[in-house]
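Engineer: what follows is a predicted protein model with its sequence.
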Amino acid sequence: MRVLGFGSASLIKVPLTDSMRMDENELERIITKLHSQNIPILAVIGVLGTTEYGTIDPIDEIIRFRDEFSQRGIYFYVHVDAAWGGYLMSLFRAPNGQLLAREKIQQELTYFPSKRVYKAFSTLRQVDSITIDPHKQGYLPFGTGGFISRNRDIVRLLNSHADYVFSDSEEPDFLQIGQYILEGSKPGANAAAAYVAHSVLPLDCENFGRVIRQTIRSSEYFFDCLKILKKELAGKVCLTVPFEPDSNLVTIAVNPYGNQSLALMNQFSEAIYKELIHDPLAPVQSKEFLGSKTHLSINNLSKDEQTNLFKKLHLYDKERCTKVGDKILILRHTLMNPWLSAENNGENYLDKYCLFLKALLLKTLVEFNHERQS
Ligand SMILES: *Cc1c(COP(=O)(O)O)cnc(C)c1O
């Protein structure tokens, strides 16, 4: 909105449900309200796989509203940010491009795709445009972005012609793809790499989808392991998956049992995280596992969602342990490596990680209790 000159205040954030997905009822309320005030809506943007939690917005509902409202003369463009999750689509496509039935996709998996996730992916073909990052779940080197538009004429809008790079042509020339972006000269090797990689492993369930499927299987296995770990840690550390994963990104939050201070809980989580990040002064091999984190702003959750999450973390008196602007430290696991589990007769790194995490949590707990007492 800033680039277009509307100002960032013109961007309206749609509230989320307790599972970190766009709340379609809120979206409907906002569209109706703007319509009654005669305020036009430029576009509605859904996220297909958030960077933080891998959660999937209800793209099908956005499309339903677009179709319903357009009959009343209100139209908006629908863009989907699939930078992170777009490649999951390869699990839903047969080699001939047809959409697979949900039951078929589920055959080799435990939870994926949920009904909600399936609906979102199956309506993806009805949106106006999509961004997708080959340098994420496409496993390509950094610096490869994709923009897919239903209306080819949009390339004329984006065209920025550089005489020193491109030859003249009246019609869109997709061999000169580099001109359809608001940027001058740039390397083309990454785009060529995406083309070659997708030609070798086409983006369907029998080719590239096999890689993605394996990462989802690992995540489902890990998710089940966490349920066991949670029981094993009972009475010592409270471990919870704050938002049920939609894909191959699994997050956890941890709190020493009995602790009623959010600040202390974050201190504890930060100590765990410190063991999971690369130390620039040590060889990378000195870490057994690498993990990342994110911060969840409590203000971004509704009152009910806050209560639910605090209950899961055994923080009972929310008013006492939080103040405005507080955040919760969340540990993120991006399970993109297809060789994590033992299915190919290798070592099971997920079992190893769970043992490692358990030992780390218990060790940190001892230090934490010691400090609290002194
Ligand atoms: C990574 C990401 C972006 C930004 O993409 P860049 O590759 O950094 O340009 C946008 N949206 C989502 C959901 C992402 O995961």
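Structural biologist: Perfect, I can see it now. Numbering: from 1, shown residues only.
Engineer: use CA for all of it now, contacts and neighbours both
Structural biologist: Noted.
Engineer: now stretch 131-146: buried residues?
Structural biologist: Thr131, Ile132, Asp133, Pro134, His135, Lys136, Gln137, Gly138, Leu140, Thr144 (16 or more other Cα atoms under 10 Å).
Engineer: repeat for stretch 116-134
Structural biologist: If you call a residue buried by 16+ other Cα under 10 Å, then stretch 116-134 has these buried ones: 117-124, 127-134.
Engineer: report the two of these separated the most.
Structural biologist: Lys119 and Pro134 (23.1 Å; Cα to Cα).
Engineer: can you list the weak-confidence ranges in this protein?
Structural biologist: Residue ranges of the chain with pLDDT under 70: 160-178, 182-185, 318-324, 343-345.
Engineer: what does stretch 337-354 contact?
Structural biologist: Val211, Ile212, Gln214, Thr215, Ser218, Tyr221, Phe222, Cys225, Leu226, Leu229, Phe289 (Cα atoms under 8 Å, 6 or more residues apart in numbering).
Engineer: dump that stretch to PDB, restricted to CA.
Structural biologist: Extracted as PDB, the C-alpha positions of stretch 337-354 are listed here (Å, rounded to 0.1, in the frame of the first residue of the first chain):
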ATOM      1  CA  ASN A 337      14.500 -32.300   4.900                       C
ATOM      2  CA  PRO A 338      13.000 -35.500   3.300                       C
ATOM      3  CA  TRP A 339      15.600 -37.700   5.000                       C
ATOM      4  CA  LEU A 340      14.700 -37.000   8.600                       C
ATOM      5  CA  SER A 341      12.800 -40.200   9.400                       C
ATOM      6  CA  ALA A 342      14.000 -43.800   9.300                       C
ATOM      7  CA  GLU A 343      11.800 -44.800   6.400                       C
ATOM      8  CA  ASN A 344      14.700 -45.200   4.100                       C
ATOM      9  CA  ASN A 345      16.700 -47.400   6.500                       C
ATOM     10  CA  GLY A 346      18.600 -44.400   7.700                       C
ATOM     11  CA  GLU A 347      18.700 -43.000  11.200                       C
ATOM     12  CA  ASN A 348      15.600 -41.500  12.600                       C
ATOM     13  CA  TYR A 349      16.600 -37.900  13.300                       C
ATOM     14  CA  LEU A 350      13.100 -37.000  14.600                       C
ATOM     15  CA  ASP A 351      13.400 -39.600  17.500                       C
ATOM     16  CA  LYS A 352      16.900 -38.300  18.100                       C
ATOM     17  CA  TYR A 353      15.700 -34.700  18.200                       C
ATOM     18  CA  CYS A 354      12.900 -35.500  20.700                       C
END
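Engineer: what count of nearby residues applies to Leu42?
Structural biologist: 11 (other Cα atoms under 10 Å).
Engineer: next up, the contacts around it.
Structural biologist: Per Cα under 8 Å, 6+ apart, neighbours of Leu42: Phe76, Tyr77.
Engineer: so which of the buried residues of stretch 131-146 are also by the ligand?
Structural biologist: Asp133 (Cα under 6 Å from any ligand atom).
Engineer: centroid-wise, who is the farthest residue in the chain?
Structural biologist: Ser374 (40.9 Å; Cα atoms, centre = their mean).
Engineer: now the stretch 251-374 of the chain against the ligand: closest residue?
Structural biologist: Thr334 (11.7 Å; Cα to the nearest ligand atom).
Engineer: wait, doesn't that residue sit right on Ser247?
Structural biologist: No. Using Cα atoms under 8 Å, Thr334 makes no contact with Ser247, being 9.7 Å away.
Engineer: who has more neighbours out of these two?
Structural biologist: Shown here are Thr334 and Ser247; by other Cα under 10 Å, Ser247 has more neighbours (27 against 19).
Engineer: right, and the secondary structure at the more buried one would be what?
Structural biologist: For Ser247, the secondary structure call by DSSP: H, G, I helix; E, B strand; the rest coil comes out as coil.
Engineer: in stretch 247-261, what counts as buried?
Structural biologist: 247-257, 259-261.
Engineer: now these as JSON lines including secondary structure and distance to Ser269?
Structural biologist: JSON lines is the format used below for the buried residues of stretch 247-261 (DSSP: H, G, I helix; E, B strand; the rest coil; distance: Cα to Cα, whole Å):
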{"residue": "Ser247", "secondary structure": "coil", "distance to Ser269": "24"}
{"residue": "Asn248", "secondary structure": "coil", "distance to Ser269": "22"}
{"residue": "Leu249", "secondary structure": "strand", "distance to Ser269": "18"}
{"residue": "Val250", "secondary structure": "strand", "distance to Ser269": "16"}
{"residue": "Thr251", "secondary structure": "strand", "distance to Ser269": "12"}
{"residue": "Ile252", "secondary structure": "strand", "distance to Ser269": "10"}
{"residue": "Ala253", "secondary structure": "strand", "distance to Ser269": "8"}
{"residue": "Val254", "secondary structure": "strand", "distance to Ser269": "6"}
{"residue": "Asn255", "secondary structure": "strand", "distance to Ser269": "8"}
{"residue": "Pro256", "secondary structure": "strand", "distance to Ser269": "9"}
{"residue": "Tyr257", "secondary structure": "coil", "distance to Ser269": "13"}
{"residue": "Asn259", "secondary structure": "coil", "distance to Ser269": "13"}
{"residue": "Gln260", "secondary structure": "coil", "distance to Ser269": "14"}
{"residue": "Ser261", "secondary structure": "coil", "distance to Ser269": "12"}
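Engineer: turn these into CSV, including distance to Glu305.
Structural biologist: Shown next, in CSV, are the buried residues of stretch 247-261 (distance: Cα to Cα, whole Å):
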residue, distance to Glu305
Ser247, 21
Asn248, 23
Leu249, 20
Val250, 19
Thr251, 17
Ile252, 16
Ala253, 15
Val254, 17
Asn255, 18
Pro256, 21
Tyr257, 21
Asn259, 20
Gln260, 18
Ser261, 18
